[in-house]
Structure formats: structure tokens, C-alpha cells
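Peer 1: got a predicted structure here, sequence first:
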Amino acid sequence: MTKDQFRARAYGCYVSGFKQEVSTSNAVDTPQAQRYRRYLRHRLESWLSQVPRNAAIADLGCGDGMLLRVFQEMGFTNLHGVEGSPEMVTKCRVYFPAVEQGDLREYLRSKVGTFDVVVLFDVIEHFTRAEAVDLLDEINAALKPGGLLVMQLPNGDSPFANAVFAADITHETLYTRGSLGHMLAIGGFELLAVDEHSPEPVDFSSGLRWLGWTLMRAGLVLCHRVETGGRSSGAYTRVIRAVARKR
């Protein structure tokens, strides 16, 4: 079986075989999904506060449309999406009928100089390194000068990285903050910031999680200093977000 054949079969049953929570509930609008969207709005706003609300934004691998909902709730109006999984596209089109189904790179080739922001959440890890360079080249070409690339991906600097990386059989490459910066530079981007996917103390339960994570994180920092004598990347959560600018 070739890699393309494997991917076609894996993504053909991506919801029913893996993302069961999407197929068994309207995951775009459950209370848990609403809380997660509020969390992302808060975390992303500082990166996008200067972006006009009519800016052209493309969500590559838009899944069930959750992130498009986040941008919609932030006031953005010019939203686009593409997704390779037919099952995911069906879910997404409930809220965003115009999203396209197809290959991300083919989609980008028809959009040269179109977008102000490209979103790549939980996508780049599904490609080999060589494929990721090709993808970043296509994203770079699709962005306007100075355009932004907003990403989320597993964090190789986390001691918990393998739990999320190995959970999806279509994952190919694990990045640290440093290797991500290098990959982005190859693709013609400047890494601007990295954000941990950490709890926020918005109520009693999340406050306890935040306190527990703060203590755990301090222990991880100490362990790293003991082992290496220096600092790590500073990002320890199993998932991170990053924003980069087209050079």
C-alpha cells in the first residue's frame, strides 16, 4: 500500500474510526465546545487584534468548523475553509456551506496572494518534513505581503508529547519550538510567538487545574535545569500554538 492509499483510507473513516465525538454529537455546539471556543477567542485575540475584521482568513483542514466558528464569534466575516475528510466536510457544512473538500495544496495553488491570515490547526504534523516544506511554500504564496500563519500542533518539548502524537495514526512529524522555527524559516516565515495550551482560571474547577498545572510546570522547569543546566524552550504543554509572519 502506498502512502497516498493509506491516507485515503484513513481519512475516509476519520470521523467514524477516530473522531467519534464528532459523529455522535454536534461537536461544534456542545457546551464543552462553546467553552473551548471562548478559550481560543481569548488566546488568539492578542495575536489578531490588529487584523481588520474583513480580512480574508483561510482555515486549512477546517474539520467540523469549530475554528471557523471561533473567528466568526471574534467578528471576522471573510472566512474560507478546506478539508480533506468527506465526513468532516459534511459536519462543517452545517454551519459553513461554502467550505471546500479537497487537497490543501491544490486549494492553495488557486489562491495565490488571496489571504491575510492562514490557519493551520492540528495539520502540519500530518505531513512529512519534505511535504511540510511544500505546504509552507504554498501557504506563503497564498498569503498577502506580511500575512500571518496561525498554527496549533503537538509539542515535542513536552514530556507528554507522545500521548497526543501517537494517538492519531496519520501523524508524521513531531516538532519542538526550535525545529518549528527552523521549518518556518525554510518556508519563508518568521516565528513571532509561541503559546502554551494551558488551563485558564475562569471558575473554581479550572482554577484548580490552573494551580495544579502551575506547580507541575515549575517542576518540569526544575527538572530541565537539573539535567541540562539551562532553560528549555519554555513551552511544556503537550500542544502549543504559534504565530508567524510571511517574510
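Peer 2: Looks like it arrived, so ask away. Residues are numbered from 1 along each chain as shown.
Peer 1: leaving out chain neighbours, which residue sits closest to Ala185?
Peer 2: Leu191 (7.7 Å; CB to CB, 6 or more residues apart in numbering). To be clear about C-beta, it is placed using only N, CA and C from the backbone, and glycine gets the same treatment.
Peer 1: number of nearby residues for the one you found?
Peer 2: Neighbour count for Leu191, taken as other CB atoms under 10 Å: 19.
Peer 1: I figured Arg53 was touching Leu79, is that so?
Peer 2: No: look at Arg53 against Leu79 with CB atoms under 8 Å: they stay out of range, at 10.8 Å.
Peer 1: quick one, which of these two is more surrounded?
Peer 2: Just comparing Arg53 and Leu79: by other CB under 10 Å the higher neighbour count belongs to Leu79, 22 against 12.
Peer 1: wait, isn't that one in contact with Phe96?
Peer 2: Yes: A contact is recorded between Leu79 and Phe96 when judged using CB under 8 Å, the distance being 7.1 Å.
Peer 1: now do the shared contacts for these two.
Peer 2: Leu68 (CB atoms under 8 Å, 6 or more residues apart in numbering).
Peer 1: chain center to the helix or strand hosting Leu108, what's the gap?
Peer 2: Assigned by DSSP states H and E, Leu108 belongs to helix 104-109. The chain centroid and the centroid of helix 104-109 are separated by 17 Å, computed with CA atoms, centre = their mean, to the nearest Å.
Peer 1: pull out the buried residues from that helix.
Peer 2: Residues of helix 104-109 classed as buried: Leu104, Arg105, Tyr107, Leu108 (neighbour count, 16 or more other CB atoms under 10 Å).
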